[in-house]
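Novice: no sequence on this one, just coordinates:
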């Protein structure tokens, strides 16, 4: 059974649900409609005990390139309160994935940038293709990876976040595996088979035990509830978006210009 709307396709086959981002023309980037649809979809799985594993993937050349340019352009003109509510909806979307009752597997190919890397971090297991590139690129725009930070730091640890959150640099699949961002790397033609095998491993386990194991991980890790994390991180990104530097960085990106901190100083011109 397949359902498709708002740039998202959901297919259910027995205990497996496939969720596919279907905005290949926009590199599967987030906009308000896609964020809402992802949240609704993952919340719907909570009420469906027949679903025991979820596979999240993307159509086209890349898995997910982060935030949609047009959506980012609109955010520049939002009030502080509107910016906070906008960020909160996105934070809750990531929390709905991280807090899903059953395991979530991400199939990453091409690129997972910014919020796309956030989807990887919010999942339980990620299999990436060899050519896939990753980045936490928000600082390049004068903002911060606030809403994905709880999931990312839990995934790669503070030590790696201290590098990749601060540089915004891109890195490959093998480095992503080394730092714990992804679990397996394979050729793009092997992706589906590797994920199918992972699904079978999960389905061979007791469904209630798997769910309890997910809960156990959060409890022993001392992680706050997804809702409280969403509130906290939404406040942080809303403040950064509204800041002078954040506004300048976003405008420069949208206008294909160098951000002001990359401009040469008078001394360098002499």
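Specialist: Alright, I've got the coordinates. Here the structure is a predicted model, which is why all the values come from computation and not from measurement.
Novice: for this protein, which segments count as helices?
Specialist: 32-46, 69-76, 80-98, 115-122, 149-167, 173-178, 191-203, 207-221, 226-242, 244-254, 266-269 (DSSP state H).
Novice: what's the most buried one of those?
Specialist: Stretch with highest mean neighbour count among the helices of the chain: helix 115-122 (a mean of 28; mean count of other C-beta atoms under 10 Å). Yep, even glycine has a C-beta here, placed from its N, CA and C like the rest.
Novice: need the contact partners of that one.
Specialist: 28-30, 56, 62-67, 90, 94-95, 97-98, 104, 106, 108, 112, 126, 128, 134-136, 145, 147-148, 151-152, 154-156, 181-182 (C-beta atoms under 8 Å, 6 or more residues apart in numbering).
Novice: what about these, which are in strands?
Specialist: The strands, defined by DSSP state E, take in 56, 104, 106, 108, 112, 126, 128, 134-135 from the contacts of helix 115-122.
Novice: using JSON lines, lay out those together with distance to residue 118.
Specialist: JSON lines is the format used below for the ones in strands among the contacts of helix 115-122 (distance: C-beta to C-beta, whole Å):
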{"residue": "56", "distance to residue 118": "12"}
{"residue": "104", "distance to residue 118": "13"}
{"residue": "106", "distance to residue 118": "11"}
{"residue": "108", "distance to residue 118": "12"}
{"residue": "112", "distance to residue 118": "9"}
{"residue": "126", "distance to residue 118": "12"}
{"residue": "128", "distance to residue 118": "15"}
{"residue": "134", "distance to residue 118": "11"}
{"residue": "135", "distance to residue 118": "11"}
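Novice: of those residues, which pair is most distant in space?
Specialist: Largest separation among the ones in strands among the contacts of helix 115-122 by C-beta to C-beta: 104 and 135, giving 21.2 Å.
Novice: among the two, which residue is more densely surrounded?
Specialist: residue 104 (25 against 20; other C-beta atoms under 10 Å).
Novice: just checking, the more buried one touches residue 96?
Specialist: No: counting by C-beta atoms under 8 Å, residue 104 does not reach residue 96; the two are 10.0 Å apart.
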